[in-house]
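Asker: give me the fold of what follows.
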Amino acid sequence: MGDDFPLAGLFGLLVVLLLLSAFFSGSETALMSLNRYQLRHKAREGHRGARLAEHLLQRPDRLIGLILLGNNLVNFSAASLVAVIALKIGGQPAVALGTVFLTMAVLIFSEAAPKTLAALHPERLAFPAAMIYYPLLKLTYPIVWLVNAASNGVLFLLGVRDNGNELHSLTREELRTVVHEASARISSRYRQMLLSILDLEKVTVDDVMVPHNEIIGIDLDDNDSDIEKTIAESQHTRLPVYRDNIDKVVGILHLRHIANVSSKEFSKETLQNLLMDPYFVPEGTPLSTQLVQFQRRRERVAMVVDEYGDIQGIVTLEDILEEIVGEFTTDPADDESDVVRISADTYLVDATANIRELNRSQSWELPTDGPKTLNGLIVEMLETIPEPSTCLKINGYPIEIIETDDNRIRSVRIGQRIRPGTETG
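Answerer: Below is the predicted model of the structure:
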């Protein structure tokens, strides 16, 4: 062949072989570097290259077998061709030099460069390559099958088993990472909503409920005028109705049902006929579970009870939705903020405030794995109701007790967080 074929033609054939080697090497890296979720999305949108690539990657052993078959065939052919060229140019001494030349050429032009390009732009190389590999795999299937059978047999003997190549589900933390990495494509508001949805399993009804002592309802032991006043002044559309105390709840009143009842027709009997049965849920129920239960039962209000059946608070569908989208109610009572800024880095805080709400509104990092209110957190740490002017530090935040009464802390002063290593003398 060397004597009959011109030297220029041999060099041209060598260049073609190097280009084919670069194609096999680069396309392998590109196909294996594809983001499987983006690939599935493009395939569902009808992108032909993506559909073929997804089909090929369902059996990566066959794809790799095909690529290695082609790449090795090309590289060995190139090595033989270099030997022929070397013998034709310089005889036996030139063969060793030709080997060095081929090694450098393959390393630079057929391995490093195309694989780097493929890693940087996988879709640009993978989709066109898939259109070539798909029919090529059908043509060479018997050879590829034999190669895979032999290689899989070796792996089986070594104890390696094929558990399938299905797209694995992402964990919640992995999904959080995906959402964070998509910051350039998702607005900060929508990104926060997605993260809040992922956190619903970690938040329970105890974290968002209105506590027992703050529930506003209708006491059937009150006189009619007091009940009518409570209804007229209510900022809520649904009110629990009870006798004597909230633990003796008898039903839930939707104010829409009583809107058509005139003052002359109003009575406790009429009111009781309009009540809906109360819905009870156990404390500690994750918000994700409770949201589904609200949807299935077509309820919007639930009474949270402990293991003894005592009512601990009330949770509504709006409370859960606000965990996802943020505050959206226009309750005038909400205008009275729990936090008042009194200097550049000092705040006066109502001790009954919910810790999670404080962390969210002020970007603080107070611990949330214990008591739900600031009062509860401080009392748990001190194990007593402290006197005014008592000072302590929680998670780096200096806190001074401002006002207390017999059974709880009413207000505190919180300063800027002092992180370890930043204290000054």
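Asker: what stretches of the stretch 101-250 of the chain score poorly on pLDDT?
Answerer: 161-170, 183-184 (pLDDT under 70).
Asker: helices of that one, start to end?
Answerer: Taking DSSP state H, counting those that start in this stretch, the helices of the stretch 101-250 of the chain run over residues 113-120, 122-139, 141-157, 172-181, 188-198, 205-208, 224-233.
Asker: out of those, which is the most enclosed?
Answerer: Ranked by mean neighbour count, the helices of the stretch 101-250 of the chain are led by helix 205-208 with a mean of 20 (mean count of other C-beta atoms under 10 Å). For the C-beta atoms, the positions are set from N, CA and C on the backbone; glycine is no exception.
Asker: residue 77: neighbouring residues, count only.
Answerer: By the criterion of other C-beta atoms under 10 Å, residue 77 has 16 neighbours.
Asker: which residue ranges of this protein form strands?
Answerer: 210-211, 218-219, 238-243, 245-254, 280-282, 301-305, 311-316, 339-343, 346-350, 391-394, 397-404, 409-415 (DSSP state E).
Asker: relative to the third one, what are the paired strands and their orientations?
Answerer: When pairs are called by DSSP bridges, strand 238-243 turns out to pair with strand 218-219 (parallel), strand 245-254 (antiparallel).
Asker: and the biggest helix by length in the chain, how far out from the chain's middle?
Answerer: Counting residues, the longest helix found in the chain (DSSP state H) is helix 60-90. Remark: helix 60-90 is offset 46 Å from the chain centroid, using C-alpha atoms, centre = their mean, to the nearest Å.
Asker: between it and helix 141-157, how big is the angle?
Answerer: 110 degrees (axes from the mean of the first three to the mean of the last three C-alpha atoms, to 10 degrees).
Asker: quick check: which helices or strands does helix 60-90 pack against?
Answerer: Judged by 3 or more C-beta pairs under 8 Å, 6 or more residues apart in numbering; DSSP states H and E, the packing partners of helix 60-90 are helix 7-33, helix 48-57, helix 92-105, helix 122-139, helix 141-157.
Asker: would you reformat those helices as JSON lines and include distance to residue 172?
Answerer: Output for those, formatted as JSON lines (distance: least, C-beta to C-beta, whole Å):
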{"stretch": "helix 7-33", "distance to residue 172": "25"}
{"stretch": "helix 48-57", "distance to residue 172": "25"}
{"stretch": "helix 92-105", "distance to residue 172": "48"}
{"stretch": "helix 122-139", "distance to residue 172": "27"}
{"stretch": "helix 141-157", "distance to residue 172": "33"}
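Asker: residue 235: which of these is closest?
Answerer: helix 48-57 (52.8 Å; C-beta to C-beta).
Asker: ok, residues contacting that closest one?
Answerer: 31, 34, 36, 39-40, 42-43, 62-63, 126-128, 130-131, 133-134, 137, 165 (C-beta atoms under 8 Å, 6 or more residues apart in numbering).
Asker: apart from its neighbours in sequence, what residue is nearest residue 124?
Answerer: Of all residues not flanking residue 124 in the chain, residue 30 sits nearest, at 7.7 Å (C-beta to C-beta, 6 or more residues apart in numbering).
Asker: ok, the one you found to residue 53 distance?
Answerer: Applying C-beta to C-beta, to the nearest Å, the value for residue 30 to residue 53 is 9 Å.
Asker: repeat for residue 181
Answerer: Separation of residue 181 from residue 53 (C-beta to C-beta) stands at 22 Å.
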